[in-house]
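*Asks:* Return atomic coordinates for the entry below.
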Amino acid sequence: MRMNEITLNTMEGGLTDYFTILRAERRTSLTFAGRRFTMSKGDLILSRENISWNCDAGSNLSVLSIRRDFFDGLFVSQTADCRIIYDFIHDESGNSEYLYFSCQNDRNVLVAFDALEQELKLSDSHHEKMTHLLMVAIVTELDRARENSLIVPNSTMVSQNRFGKLMKYMGDHYNECTLAEVAEKYGYNPDYLSFRFKMITGVTFSKKMLEMKLEQAANMLLSSELTSDEIAQSCGFQSRSWFTRKFKERFGESPGKWRKNASKSA
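*Replies:* Numbers count the residues shown, from 1 in each chain. Modelled structure (predicted):
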């Protein structure tokens, strides 16, 4: 591996490379592809090339820039079963795509990324193998945990993928869309879509919609001054008690307590 195939920097902005990973080292606000994001510590954005971004003063991002040549035959063979990220990395459409992962609770990703940061400071005979193995570990863990960590409303999907477009629509309309509406929009029988959705994603349509709503609610708790009631209503929850119950099941704390503790640790 040539030394310029993969580099790690702390930057304030610019254009992304062929494949770029941005990791928040603490709570970070940035403009990415014209959108504003508030990233929690450990969150990752996986990006294809030529996307403009810049972060606010006082923010802290680690920026991993990976050149095309890094993704050789060995890497391909080891990650071919990680379909969403594999297709994302190898998309040749020229579209500026990105995926957002909430990884603050995924110790495997955090450990692998920290190890990769350290490995990039070395240049011995084991460097190439270790760098590839750690990148494979990161990609594999992101794929394994994507049911809970891939934040669809904050992501684009591979444009040629019909199911990707469907998932993107769900992410953009998480507070109101239904199985029947999505089935009609994309030309599926509702029962078939329900079956197909579970087969592809591993979870039911309703569970994925709930997950999207909860992730958006968590983001709004961190990035806005809205009350829990206002956030629950905005995210499509019909009652405060249902929102509080499901939020606590997902995050281990009530919305108010989670907001307080997350703000302290940001």
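
*Asks:* Verify the stated contact: E147 with I200.
*Replies:* No: the pair E147 and I200 fails to qualify as a contact (CB atoms under 8 Å) at a distance of 11.4 Å. C-beta: built from backbone N, CA, C; applies to glycine.

*Asks:* P153 should be in a helix, yeah?
*Replies:* Yes: the assignment for P153 is a helix, going by DSSP: H, G, I helix; E, B strand; the rest coil.

*Asks:* Surely it is in contact with A217?
*Replies:* No: P153 sits out of contact with A217 when judged by CB under 8 Å, with a separation of 11.1 Å.

*Asks:* ok so, going back, need the residues touching each of E147 and I200.
*Replies:* Counting by CB atoms under 8 Å, 6 or more residues apart in numbering, E147 and I200 have no common neighbour.

*Asks:* still on that earlier bit, in terms of packing, which of P153 and A217 has more residues around it?
*Replies:* Set P153 next to A217 and count neighbours by other CB atoms under 10 Å: A217 wins out with 27 against 17.

*Asks:* mind listing what the closest residue to the more buried one other than its chain neighbours touches?
*Replies:* Once flanking residues are discounted, A217 sits nearest to C235: 4.8 Å by CB to CB, 6 or more residues apart in numbering. By CB under 8 Å, 6+ apart, the contact set of C235 is 174-175, 213-214, 216-217, 220, 243.

*Asks:* For those residues, which single residue is the most surrounded?
*Replies:* Neighbours here mean other CB under 10 Å. Within the contacts of C235, the largest count is held by A217, at 27 neighbours.

*Asks:* That one reaches F243, doesn't it?
*Replies:* Yes: the pair A217 / F243 is scored as a contact, 7.2 Å apart, by CB under 8 Å.
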